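[1] no sequence for this one, just the structure:
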DNA sequence: GTAATATATTTTAAGCTTAAAGTAAATGTA
DNA sequence: TACATTTACTTTAAGCTTAAAATATATTAC
C-alpha cells in the first residue's frame, strides 16, 4: 500500500513523518509542563516571550506578525493576559487606531520564571545530541527553509 | 539577554527553535493547500488516512489513540465527516457501547485523491535533501524520541 | 442476581486558530 | 473640504483541541 510510491518519495514521506512526530512530541511535553506546573499555555508563553524581547512594547499587528499568527488570534490571547495583569495595553500617542502592548512588572517577573524552566526543559530534552550533532541537525533543517512560501 | 544561558543550553534552544520552525512551516503549507485546493483540513485528512490504513474499521478509542488525540476531539471530527458521507459509523455487534468507523466508498475515493496530492507536496518540499541527508536527519531525530514521555 | 467497578463513548466548557466581516482612524485625492 | 482608500484593530463564525463530567454498557465480586 505504502509501496505504491517511488522509493525516494517514500523516503521523503518518512522524513516528514519523523520530523512531525519529533516536533509534536517535544511540543506536547512543553504544553503539558506549562499547564501542570505553571498553569499557563504555550500561546501565552509565546506572547510573553515576544514582549520580553521588545521591552518598549509592540503594536498588535507587529506582535501578530512576529508570532506569525492572525490578528484576531492575538487579540484573544492578549485580552486574557491583560485580565490577569500580566501585560497591559497603552494607547499609541500618535496613531489613535493603534495600541502598544507590553509586559507589566508582574508579567515580567512571571515570564522570567517561566523562561528559566522552559530553557531547562529544552536543555534536558535535547541533551542526547552532541554539539556536532546539533550543528548537523540545524544545517539539515536549514535546507528545508525556503520552499512553498507563496511569493507575494 | 539570550547570553544569560550556558553555551550548550543556547545551542539546544537553537536546535529546538529550528526544529519547531521547520515543522511548523511544512505543516502550514500542507494545511493551506488542503484548504485552498481541496476544501479540507489536516485533522480530517489524518482521520481519513488512519481509516484507510485500517480497512476493517476502527473503534473510536482505537482511532483516538492511533492519532494521539483525545476521544472528544475524534468525536467532533468524525461527526463532521459522517455528515458529508465520507466515513460511516456502524454498531459493534458484540459491544453495544462501541462503534466501528470506516471510510465510505465515497470517502475512500476522495482520500486516494488527497493522499496522492499530499505525497507529491511532501516529495517536493523534501527534495532539497539527498538520500543520505534524509537518512542522517532521520537518525538524528531518532535520538530525540524517548524523553519526557511520562511512564505509566 | 445485585452492587460495585471498569470501559467506550459523548458532551461540555474553555481556550486556540483562522478567514472574513466590521469599525474606527489615518491618508490620499479631487 | 469632501470622498475614497488604506491601515490598525476587533468581532464573528466555524473548526480544532483538551480535561473533566456525564451516559450507557459491560464485567467483576459477592
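    Looks like it arrived, so ask away. In this text, all values refer to a predicted model and were calculated from it rather than measured experimentally. Residues are numbered from 1 along each chain as shown, chains lettered A, B, ... in the order given.
[2] secondary structure class for residue A:40?
    Classification of residue A:40 by DSSP: H, G, I helix; E, B strand; the rest coil places it in coil.
[3] burial measure for the residue in chain A positioned nearest to DNA strand D, as a count.
    Among all residues of chain A, residue A:72 sits closest to DNA strand D, at 2.6 Å; criterion: Cβ to the nearest atom of the strand. Every residue, glycine included, has its C-beta placed from N, CA and C. Counted with other Cβ atoms under 10 Å in any protein chain shown, residues neighbouring residue A:72 total 8.
[4] Let me know the pLDDT of residue A:152.
    Residue A:152 carries a pLDDT value of 31.
[5] Oops, could you answer that again for residue A:88 instead?
    96.
[6] so who does it touch?
    Residues in contact with residue A:88 (Cβ atoms under 8 Å, 6 or more residues apart in numbering or on different chains) are A:82, A:101-104.
[7] Who does it form a beta bridge with?
    Under the criterion DSSP bridges, residue A:88 forms beta bridges with residue A:102.
[8] residues contacting the residue positioned nearest the centre of chain A?
    Among the residues of chain A, the one closest to the centroid is residue A:46, at 5.0 Å (Cα atoms, centre = their mean). Residue A:46 sits next to residue A:67 when contact means Cβ under 8 Å, 6+ apart.
[9] thinking again about what came up before, distance from the chain centre to the host helix or strand of the residue of chain A closest to DNA strand D, please.
    Here residue A:72, judged by DSSP states H and E, is contained in helix A:71-83. In terms of Cα atoms, centre = their mean, to the nearest Å, the centre of helix A:71-83 is set 15 Å apart from its chain centre.
[10] just so I have it, where are all the helices in chain A?
    A:7-38, A:42-52, A:60-67, A:71-83, A:105-126, A:131-142 (DSSP state H).
[11] Reformat those helices as a markdown table; add distance to residue B:68.
    Below are those laid out as a markdown table (distance: least, Cβ to Cβ, whole Å):
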| stretch | distance to residue B:68 |
| --- | --- |
| helix A:7-38 | 8 |
| helix A:42-52 | 17 |
| helix A:60-67 | 25 |
| helix A:71-83 | 24 |
| helix A:105-126 | 18 |
| helix A:131-142 | 23 |
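[12] okay, those helices, which one's buried deepest?
    helix A:42-52 (a mean of 20; mean count of other Cβ atoms under 10 Å in any protein chain shown).
[13] relative orientation of that one and helix A:71-83 in degrees?
    Here the directions of helix A:42-52 and helix A:71-83 differ by 80 degrees (axes from the mean of the first three to the mean of the last three Cα atoms, to 10 degrees).
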